[in-house]
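A.B. asks: Here's my sequence, what's the structure:
(chains A and B)
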Amino acid sequence: MLQIPYIRENKALVISRLAKRNIDATETVNAVIVLDEERRALQTELDNTLAESNAISKEIGVLYTSGQAEKAKGLKAKTSEFKETTKTLNEALNAKIEALNALLYTLPNVPNATVPAGNTDEDNVEIFREGAIPTLFDGALPHWELAKKYDLIDFELGTKIAGAGFPVYKGKGARLQRALIAYFLDKNTAAGYTEYQLPHLVNEASAFGTGQLPDKEGQMYHVTEDNLYLIPTAEVPGTNIFRDVVLNADELPVGITGYTPCFRREAGSYGAHVRGLNRLHQFDKVEILRVEHPDNSYKALDGMVEHVKDLLQELKLPYRILRLCGGDLGFTSALTFDFEVFSTAQDRWLEISSISNFETFQANRLKLRFKNSDGKNELAHTLNGSSLALPRVLAGILENYQTEKGIEIPEVLIPYTGFSIID
RNA sequence: GGAGAAUUGGCAGAGUGGUCGAAUGCGGCAGUCUUGAAAACUGUUGAGGGUCACACCUCCGGGGGUUCGAAUCCCUCAUUCUCCGCCA
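C.D. replies: Here you go, the predicted model:
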């Protein structure tokens, strides 16, 4: 969530930048500023009342200990009016804070200056492309057909056990999944990220901390009995490691990586684009996550992009990088690069990674701070990205590496799979 | 799941209704001493709100209550520990 002093001091900038998301925030921003002024006025009034009442209470205490009970009783009578005033002011203040927060929760992060204007994913700007798109032989298949032909994934079985969108990986299909997870984790740890195994369910405070609540609860599976949420991404438990944490400056930067399954309800998604591995309720993902000094966060973002490029280069998959436009930018992000791998048989690009700088937007909610050079607590920047999301990488491998003899395995994965072809 | 105990500042640990944001120790920071370091000694050292800056206000696991006044009393929730039960 945005910081009020920042909104106050950069009002015009906030409004013009939010316009990149195609929202007119003028009214909300103005209302936030007014509500905040009113909040401070109420706070001051309450504080002054409390100060007066505290002073009298102290006096009463002194009178009692010095044996002047009668005088004390007289003062007691005087304090009753304070109680009423305090109560009223307190309620007014809380109502004001609630109204203020309700508005703040509706404001998304301020896009970075380099975010292009635009409405939909069609306005995203391609900034990099690499890897030749293979020309497939006659009779080449989409990945869901390949998965069936080589008995790698059983979608129907998953439907029987759980429901649509819960695939069952079998044999070499399962092994390939495990290989990818191990390969990604090895690459990430080699790049300096510390490996974590995180809870797959989180509490309300965590879901709030990374911004899934209060708005996007419909996208998460909710275990009502225990009021826990299944994670939609490792970002949630991973970033909440740092909730209410003050880091020393020399502890920055922090880089962590973790593999988790991800659960998404994806309510309302149907049709051809959800075929096969394209969109699932449960999928595997390896995530990288950083906590950075504000001065370094954009450099770190570039570093993460380079790191993911390296993975795709090694896997020899055709991919491109997009700079997301304002309209396609996530609620909490200031700048996002998407990676897409080309699905040859489907003739379309599939998103496999999304790397974002959230600046202080998450840190503000999380109260994630560091001691700056003045010895003051300052909000840190958080970043994260997938490295990588498994299903669409798998789809890309199956489709792009298919030959008439079978599916070849990318060379870097062979040490992990133990086989070099699926036939 | 049942019974009991606990939750205080970076850590340890006092504090059972009044001047307690909180003793003391450790740690951190600054200084004295020293060629330098250590030791010793002296001072300092939580967070948030608010203010030009002060003042002032809030916070002793979370929430609510009693009282003129709560770290201290009551209710409730959470967490941790011990014992019992169950169990990968």
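
A.B. asks: in the stretch 301-423 of chain A, what residue is nearest RNA strand B?
C.D. replies: Residue nearest to RNA strand B within the stretch 301-423 of chain A (Cβ to the nearest atom of the strand): residue A:377, separated by 3.9 Å. Glycine gets a C-beta too; all of them are placed from N, C-alpha and C.

A.B. asks: same thing with the stretch 51-200 of chain A?
C.D. replies: Among all residues of the stretch 51-200 of chain A, residue A:61 sits closest to RNA strand B, at 2.8 Å; criterion: Cβ to the nearest atom of the strand.

A.B. asks: After the helix-or-strand element of chain A with minimal mean pLDDT, which helix or strand is next? Please name it.
C.D. replies: Lowest on mean pLDDT, DSSP states H and E among the helices and strands of chain A sits helix A:69-104, with a mean of 84. On the C-terminal side of helix A:69-104, the closest following helix or strand by DSSP states H and E is strand A:125-130.

A.B. asks: Can you give the strand pairings for that following strand, parallel or anti for each?
C.D. replies: Looking at strand A:125-130 with DSSP bridges, its partner strands are strand A:319-323 (antiparallel).

A.B. asks: who's in contact with the residue nearest to residue A:161 when sequence neighbours are not counted?
C.D. replies: Excluding its sequence neighbours, the residue lying closest to residue A:161 (Cβ to Cβ, 6 or more residues apart in numbering) is residue A:168, at 7.0 Å. By Cβ atoms under 8 Å, 6 or more residues apart in numbering, the contact set of residue A:168 is A:153, A:154, A:155, A:157, A:158, A:161.

A.B. asks: For chain A, which segments count as helices?
C.D. replies: Ranges of helices in chain A, per DSSP state H, are A:4-9, A:11-18, A:26-65, A:69-104, A:143-149, A:155-161, A:171-190, A:204-209, A:235-239, A:297-315, A:361-366, A:390-400, A:414-417.

A.B. asks: Out of these, flag the one nearest residue A:331.
C.D. replies: Residue A:331 sits nearest to helix A:361-366 of all the helices of chain A, at 8.7 Å, using Cβ to Cβ.

A.B. asks: Show residues contacting that closest one.
C.D. replies: A:1-3, A:109, A:208-211, A:239-240, A:242-245, A:332-334, A:368-369, A:379-382.

A.B. asks: try 6 Å
C.D. replies: Applying Cβ atoms under 6 Å, 6 or more residues apart in numbering, the contact partners of helix A:361-366 are A:1, A:3, A:109, A:209, A:210, A:243, A:332, A:379, A:380, A:382.

A.B. asks: The fifth one touches residue A:238, doesn't it?
C.D. replies: Read it as residue A:210. No - counting by Cβ atoms under 6 Å, residue A:210 does not reach residue A:238; the two are 8.8 Å apart.

A.B. asks: what's the residue of the stretch 301-423 of chain A closest to RNA strand B in contact with, if anything?
C.D. replies: By Cβ under 6 Å, 6+ apart, the contact set of residue A:377 is A:246, A:369.

A.B. asks: Let me see the confidence value for it.
C.D. replies: Residue A:377 carries a pLDDT score of 87 in this model.

A.B. asks: Same question for residue A:272.
C.D. replies: Taking residue A:272 on its own, its pLDDT is 57.

A.B. asks: List the buried residues of the least confident helix or strand of chain A.
C.D. replies: Applying a neighbour-count criterion of 16 or more other Cβ atoms under 10 Å, one finds A:72, A:82, A:86, A:89, A:93, A:96, A:100, A:103, A:104 buried in helix A:69-104.

A.B. asks: go on, stretch A:9-28?
C.D. replies: Here stretch A:9-28 shows A:10, A:11, A:14, A:15, A:17, A:18, A:20, A:21, A:25, A:28 as buried, counting by 16+ other Cβ under 10 Å.

A.B. asks: repeat for stretch A:239-254
C.D. replies: Within stretch A:239-254, the residues that count as buried by 16+ other Cβ under 10 Å are A:239, A:240, A:241, A:242, A:243, A:245, A:247, A:252, A:253, A:254.

A.B. asks: Now do it, average pLDDT.
C.D. replies: Computed over stretch A:239-254, the average pLDDT equals 88.

A.B. asks: what's in contact with it?
C.D. replies: Stretch A:239-254 is contacted by residues A:206, A:209-210, A:290-293, A:366-371, A:377, A:382 when judged by Cβ under 6 Å, 6+ apart.

A.B. asks: Tell me which of the residues you listed fall in strands.
C.D. replies: Counted as lying in strands by DSSP state E, out of the contacts of stretch A:239-254, are A:290, A:291, A:292, A:369, A:370, A:371, A:377, A:382.

A.B. asks: Strands of the stretch 201-350 of chain A, start to end?
C.D. replies: Assigned by DSSP state E, counting those that start in this stretch, the strands in the stretch 201-350 of chain A fall at A:201-202, A:222-223, A:228-230, A:246-247, A:254-263, A:282-292, A:319-323, A:335-343, A:348-359.
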